[in-house]
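Q: quick one: sequence and predicted model below, then my questions.
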Number of protein chains: 2
Amino acid sequence: MFSSGKLVNLLRLADAAGRFKMLAVDQRASLQAALAKVTGREPEDVTHEEMAKTKQLIIEVLAAPSTATLIDPVYALPRAVKIIPHRVGILVASEESGYDPAGPGGRERKGRLIDGWSVAKTKRAGANAVKLLIHYTPEASSEVRGHQQRLVRTVADECVREDIPFLLEVVTYSVDQATTDTPEFARKRPHHVIEAAREFSSGAYEVDVMKLEFPCDLKYTQEFRHGTFDKKERPAVYDLGEVRAFCRELDAAAGRPWVILSGGVDIQEFIASLELAVEAGASGFLCGRAIWQGVVSTYPHEKRMRDLLTSEGLANFERANAVADRARPWFTHKSIGGWDQVQVQNGHEWYRRYPG
Amino acid sequence: MFSSGKLVNLLRLADAAGRFKMLAVDQRASLQAALAKVTGREPEDVTHEEMAKTKQLIIEVLAAPSTATLIDPVYALPRAVKIIPHRVGILVASEESGYDPAGPGGRERKGRLIDGWSVAKTKRAGANAVKLLIHYTPEASSEVRGHQQRLVRTVADECVREDIPFLLEVVTYSVDQATTDTPEFARKRPHHVIEAAREFSSGAYEVDVMKLEFPCDLKYTQEFRHGTFDKKERPAVYDLGEVRAFCRELDAAAGRPWVILSGGVDIQEFIASLELAVEAGASGFLCGRAIWQGVVSTYPHEKRMRDLLTSEGLANFERANAVADRARPWFTHKSIGGWDQVQVQNGHEWYRRYPG
């Protein structure tokens, strides 16, 4: 049984068949760093206007082929609400960019909400969903895991109160090493992603859609380890048969409709992982940099940026959309059971009982 | 300067060019009376389920060609939110059906909000706009006019608080006679409609879109008086040249983008009035019975109802949409000044100042 606000807005995030083809333009620290690097400056020298303008350009070209566009409230929202086409849904990020170092040795990660923003503001501003990103690893201390779990529950409760869909993004990390580009982490990754999906599928978190990492690092597969995606040789940790099995395990663990994120991999790798995820039961994607990261290299030349978005960016999006056309419609996920099971509270004087 | 929630949701009510092609399915007492009449019963014998089912059928067929669909929270909403296509906006009525007799001799009309429903519930449930209908005549006593004006301000204030568009519908009436189908009222109508539009265009009411009656009764024009629309002969009160002048006067008086309603006239008359309104500057229509009233005659035969909606209903809608394609985009209305003037609050830390 759905509440009206959750259902209306979930429908607005997907296409008519219930598939999510979503664009992420909510990057903050990572985009600031990229714009700084390409112009030979420090991240703090990249201005609010530069960030807002870059996001505006991306949205002007790439919101149109999306079923919904994810923005941040800090830089993107004020311009985005005018230019996101009226038939495209809007998601708004609620977490502060980055994380607070925590736990033994400061190698664990605690999240924080954007100070001065809220779920109530997100709803009031006309968005169709709230997105929360948390860093999570089953290897973190119970204190840090508890903090992250409470953060999810806090946002979930507010989403229920405001009757707006809640999309939870979980990003795993290594407590041992600064980089995740190692055979050790590639080996651990499936367990991390699957355990996180299982944890936040619990009814207590009231998540509507999960945004998950692809459960394996395709660069460490037998088939792709010879530099297929980035020309760098790596050892084999698994083969595609094992990757498919992990994807099926992830689908079994995910108690809610799920989509995959791109996490800054290149478009080839993203398309390969999307195909495997969709085969296993994902309901689409929420993808940012894999589609538009090329634009950073042409910064700050507006015409070249727009040309690149219109050529390479749109082509990338079309490839992703073509794969997502085979995705599982969100309402046929086992947690919902099909379109016939989609019902909202009804009956005589239902509107009196509906909370205001 | 727009607030985010007002802008996002206004955009969702119109087509990409800013034209409103809206369907009304929020009728209550009038639909109950019509279903009773066709089945030889009293209105109070028409059940909740009959009302909900009839509205569901209309929405299943006719929401698709609309840019937004107006529903009532009592019967329509719980089923409508599932079947209104995800790219179509949703408006929800806030007034109780009918009116309370008031003023000297009880011939004036006071409105009331739906008990147990609210603007906050409308926003929470995922709607894109709040609609309020008021009965209004400049001839009513100042006590009754004051009551109606306060009602509008109350809803307007709540719409600002919830950051959701406010669509105000004004219906005129005669304090002298029970029917408005008289030469006397036809003569008065332009003044009534124009004065009401002027009154509620005041900034104090914070109306976003006005839903107005056509300012003349076309059945009393020199050109159409010989029973063009309903085979009934009537005296001439004005000609189409004068009607066009009244439409221009209405457009000048309307300080907000405006659309016309159908008020139960037949489709021929509605199309004729829509053409004249669009010529004068209306931004489209919000039309119910003129498009779908034929369905009542086939009640309760579901297949015949659906067939009629699919044939006659869709054809009527296409005719109306073709006329509305020439309407003035809402954002080019003089009160806004064009697309370039559409801006939301912006700048560094805008999101802290935005109310939650």
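A: Structure's in. What do you need? Numbering: from 1, shown residues only, chains lettered A, B, ... in the order given.

Q: CA only for contacts and neighbour counts going forward, please
A: Will do.

Q: tell me which parts of the stretch 251-356 of chain A are close to chain B?
A: For the stretch 251-356 of chain A, the contact set with chain B under Cα under 8 Å from any Cα of the partner chain comprises A:342-346, A:348-352, A:354-356.

Q: those into TSV, with extra columns for pLDDT and neighbour count?
A: As requested, those are exported to TSV (pLDDT from 0 to 100; neighbours: other Cα atoms under 10 Å in any protein chain shown):
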residue	pLDDT	neighbour count
A:Val342	97	14
A:Gln343	95	16
A:Val344	94	20
A:Gln345	86	15
A:Asn346	86	19
A:His348	86	10
A:Glu349	92	14
A:Trp350	95	17
A:Tyr351	97	23
A:Arg352	97	16
A:Tyr354	97	16
A:Pro355	95	15
A:Gly356	89	18
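
Q: can you redo the residues you listed as a markdown table with secondary structure?
A: Formatted as a markdown table, those follow (DSSP: H, G, I helix; E, B strand; the rest coil):
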| residue | secondary structure |
| --- | --- |
| A:Val342 | coil |
| A:Gln343 | coil |
| A:Val344 | strand |
| A:Gln345 | coil |
| A:Asn346 | coil |
| A:His348 | coil |
| A:Glu349 | coil |
| A:Trp350 | helix |
| A:Tyr351 | helix |
| A:Arg352 | helix |
| A:Tyr354 | coil |
| A:Pro355 | coil |
| A:Gly356 | coil |
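
Q: quick one: contacts for A:Glu249?
A: When contacts are counted by Cα atoms under 8 Å, 6 or more residues apart in numbering or on different chains, A:Glu249 touches A:Ile194.

Q: now with 10 Å, please.
A: With contacts defined as Cα atoms under 10 Å, 6 or more residues apart in numbering or on different chains, A:Glu249 is in contact with A:Pro190, A:His191, A:Ile194, A:Pro215, A:Val243, A:Ala280.

Q: next one, pLDDT for the closest residue to the fifth one other than its chain neighbours please.
A: Using Cα to Cα, 6 or more residues apart in numbering or on different chains and skipping the chain neighbours, the partner closest in space to A:Val243 is A:Cys216 (6.4 Å). Turning to A:Cys216, the model gives it a pLDDT of 98.

Q: my guess is A:Cys216 contacts A:Arg248. True?
A: No. Using Cα atoms under 10 Å, A:Cys216 is not in contact with A:Arg248, being 11.9 Å away.

Q: who has more neighbours out of these two?
A: Legend: neighbour count by other Cα atoms under 10 Å in any protein chain shown for A:Cys216 and A:Arg248, higher for A:Cys216 (26 against 20).

Q: and the more buried one, that's in a strand?
A: No. Assessed with three-state DSSP, A:Cys216 is coil; it does not lie in a strand.

Q: for A:Phe285, give me its contacts.
A: Residues near A:Phe285 by Cα under 10 Å, 6+ apart: A:19-24, A:211-212, A:258-262, A:270, A:274, A:277-278, A:320-321, A:323-324, A:327.

Q: partners of it in the sheet?
A: Note on A:Phe285: beta-bridge partners A:Lys21, A:Ile260, judged by DSSP bridges.

Q: for it, give me the pLDDT.
A: At A:Phe285, the predicted lDDT confidence score is 98.

Q: what number of residues lie near A:Tyr23?
A: Wrong residue type there; residue A:23 is Leu, not Tyr. Look at A:Leu23: counted by other Cα under 10 Å, it has 29 neighbours.

Q: how near is it to chain B?
A: When distance is defined by Cα to the nearest Cα, to the nearest Å, A:Leu23 is 17 Å away from chain B.

Q: helix, strand, or coil at that residue?
A: Secondary structure, three-state DSSP: A:Leu23 is strand.

Q: wait, it touches A:Val61, no?
A: No. The criterion here is Cα under 10 Å, and A:Leu23 misses it with A:Val61 at 11.1 Å.

Q: strands of chain A, start to end?
A: For chain A, the strands defined by DSSP state E cover A:20-25, A:68-71, A:89-93, A:100-102, A:108-110, A:129-135, A:166-171, A:209-212, A:258-261, A:284-287.

Q: no further questions, thank you.
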